[in-house]
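**Q** any chance you can model this:
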Amino acid sequence: MNQPWVGLNLSPLSWPKRTGISSYVGQLLKSYRESPERSAALACFLHSRHRSAKAALEAEAGRPVRSSRLPEKALFRLSRLPGWRPAGMGGLRVYHETSLYPAPVPSSCAMIYTLYDVLPLVRADWYSPFAVREYKVAFGRAARRADRIIVQSQAARADALEAAPALETKLEAIPNGVNLAEFRPDIPEAEVAAALAALGLERPYILFTGAIQPRKNVDGLLKAFLSLIAEIPHTLVLAGPLGWRGEEITAGISTEPGPARVRHIGFVPAPLLPALYRGADLYVFPSRGEGFGLTVLEAMAGGVPVVASSVSATAETAGDAALLVHPDDGEGLAAAMRRGLEDQDLRRGLIAKGLARAREFSWSRTADMTWDLYRSMKEPA
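**A** Model prediction:
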């Protein structure tokens, strides 16, 4: 068997509550495993602080997962020694770092770093001071060490260049995909009903998914919905964990099943998400800034009309398949939501365009483009 020459960090798959970043890493792993050539070339790694998940990830990866027993701070000190080579990385030509903090890798190995967004550096007011400090440290390490940096949209590339113009030659835009086998319009009604019952929800509802934090503009969505509440029968469902200042945003919102018109249901397990999308009459995502905007595609793939932000990567991802509104335009957001619910011709058009748009983004394309980048770095020019 050929010796593995690509290393992939699986750490985001160890998180107790898997996120969009976890989906990205999981889909890359799945695609690579499906190709005998790529599978034979792949070695998997795990940051030392996630070692408790090692056995489970080895079962998911179908191979040993390499992880140092040393704390990462100790590894970084060792990496400064001349000739240092970490255990388990012998023979690697490319290491793909998918976590926030880049692992120390030998100088003989090219590093590819996925930068999910750089917004904490360009809009620090959207994040906690602690998060901004942590991000600055991680981004600084990545900018110095990475040979190539993957961003997931042209908008994210522009944000990265605003934060660090010197990175221009390192940046590679590779869009995400959407899992069309899971997010689809033909989910059986019984499956949708069972998922809604498990979540304590009833129809009709408008859906938002994502962390509850200022960047997501949930406060603007709440104001727009409350301006419509007397005209529509829908509940507004907020599905996602509390982020920074989330408690302020959701103060007074019900978390319990019942007749409340605004419900915060918290983190939704991945198996229930496709049915949650499918049961919605409208998906609304008025975020102020994103690195890609995957949830917009998930809703479109489920056959749900979408109202989304006209700025940042969200608009780039949505294309002409959503009603786009500036996040600062509260009246415009309310009007778009009303149209998305009441104008049946518009709804049919958005659903058709959304399904077509989602089909343009496959995880297999993401994996192919990423593997091509690995190959380009395997043999330095």
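**Q** could you check how far V237 is from V105?
**A** 43 Å (C-beta to C-beta, to the nearest Å). From N, CA and C alone the C-beta is placed, and that goes for glycine too.
**Q** which strand or helix spans G220?
**A** helix 218-228 (DSSP states H and E).
**Q** which residues sit against that helix?
**A** 206, 208, 212, 236, 238, 249-250, 253, 262, 284, 286, 327-328, 330-331, 333-334, 337-338 (C-beta atoms under 8 Å, 6 or more residues apart in numbering).
**Q** can you classify the closest residue in space to A280 that isn't next to it in sequence by secondary structure?
**A** Once flanking residues are discounted, A280 sits nearest to L207: 3.9 Å by C-beta to C-beta, 6 or more residues apart in numbering. Secondary structure, DSSP: H, G, I helix; E, B strand; the rest coil: L207 is strand.
**Q** was I right about L207 contacting V237?
**A** Yes. Between L207 and V237 there is a contact under C-beta atoms under 8 Å: 5.2 Å.
**Q** okay, those two: which has more neighbours?
**A** The neighbour comparison of L207 against V237 (other C-beta atoms under 10 Å) goes to L207, with 26 against 21.
**Q** how near is the more buried one to R288?
**A** Distance of L207 to R288, computed by C-beta to C-beta: 19 Å.
**Q** one more: A195?
**A** From A195 to R288 the distance is 29 Å (C-beta to C-beta).
**Q** higher neighbour count, these two?
**A** Taking other C-beta under 10 Å, A195 and R288 do not tie; A195 has more neighbours (22 against 19).
**Q** pLDDT score for R77?
**A** R77 carries a pLDDT value of 58.
**Q** repeat that for F225.
**A** The model's pLDDT for F225 equals 96.
**Q** how close does it sit to P204?
**A** Here F225 is placed at a distance of 13 Å from P204 (C-beta to C-beta).
**Q** pull the distance from stretch 316-333 to the chain's centre.
**A** 19 Å (C-alpha atoms, centre = their mean, to the nearest Å).
**Q** average pLDDT across it?
**A** On average, stretch 316-333 scores 98.
**Q** the strands in this structure, which residues?
**A** Per DSSP state E, the chain carries strands over the ranges 6-9, 42-45, 65-66, 94-97, 110-114, 148-151, 171-173, 205-209, 235-239, 262-266, 282-285, 306-309, 323-325.
**Q** now these as a markdown table including distance to G88?
**A** Compiled in a markdown table, the strands of the chain are given as follows (distance: least, C-beta to C-beta, whole Å):
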| stretch | distance to G88 |
| --- | --- |
| strand 6-9 | 9 |
| strand 42-45 | 7 |
| strand 65-66 | 4 |
| strand 94-97 | 11 |
| strand 110-114 | 15 |
| strand 148-151 | 22 |
| strand 171-173 | 26 |
| strand 205-209 | 37 |
| strand 235-239 | 39 |
| strand 262-266 | 37 |
| strand 282-285 | 40 |
| strand 306-309 | 42 |
| strand 323-325 | 47 |
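**Q** let me know which of the ones you listed is the nearest to D186.
**A** Set against D186 and scored by C-beta to C-beta, the strands of the chain come closest in strand 282-285, at 17.4 Å.
**Q** shaky segments in this protein?
**A** 1, 69-87, 254-259, 379-381 (pLDDT under 70).
**Q** try 80
**A** Along the chain, segments meeting pLDDT under 80 span 1-2, 48-49, 68-88, 90, 252-259, 379-381.
**Q** picking up where we left off before, bridged to the residue nearest to A280, which residues?
**A** Applying DSSP bridges to L207 yields these beta-bridge partners: V237, Y283.
**Q** residue contacts, it?
**A** Neighbouring residues of L207 by C-beta under 8 Å, 6+ apart: V237, A239, L276, Y277, A280, L282, Y283, V284, A299, V304.
**Q** could you rerun that using 10 Å?
**A** 201, 234-239, 276-285, 295, 299, 302, 304, 306 (C-beta atoms under 10 Å, 6 or more residues apart in numbering).
**Q** before we move on, what about Y32?
**A** When contacts are counted by C-beta under 10 Å, 6+ apart, Y32 is found next to 6, 8, 38-42, 44, 61, 367, 370-371, 374.
**Q** again, 8 Å this time
**A** L8, R38, S39, L42, A367, W371.
**Q** list just the nearest of those to R148.
**A** W371 (12.9 Å).
**Q** can I assume the closest one is in contact with R38?
**A** Yes. At 6.2 Å, W371 counts as touching R38 under the criterion of C-beta under 8 Å.
**Q** who's more crowded, those two?
**A** Between W371 and R38, counting by other C-beta under 10 Å, W371 is the more crowded of the two (21 against 17).
**Q** P188 and G279, how far apart?
**A** Counting by C-beta to C-beta, the gap from P188 to G279 is 12 Å.
**Q** comparing these two, which shows the higher neighbour count?
**A** Comparing P188 with G279 by neighbour count (other C-beta under 10 Å), the higher total belongs to G279, at 24 against 10.
**Q** now do that one against R33, distance only.
**A** According to C-beta to C-beta, G279 and R33 sit 32 Å apart.
**Q** same check, this time on M377
**A** Counting by C-beta to C-beta - M377 and R33 are separated by 21 Å.
**Q** more crowded one of these two?
**A** M377 (20 against 15).
**Q** contacting residues for the closest residue to E231 other than its chain neighbours?
**A** Nearest residue to E231 in three dimensions, chain neighbours excluded: R338, at 7.2 Å (C-beta to C-beta, 6+ apart). Applying C-beta under 8 Å, 6+ apart to R338 gives the contacts L228, E231, I232.
**Q** quick one: contacts for M89?
**A** M89 sits in contact with G7, R66, Y95, V105, P106, C109, where contact means C-beta under 8 Å, 6+ apart.
**Q** adding neighbour count, write those residues out as TSV.
**A** What follows is these, written out as TSV (neighbours: other C-beta atoms under 10 Å):
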residue	neighbour count
G7	25
R66	18
Y95	27
V105	21
P106	15
C109	19
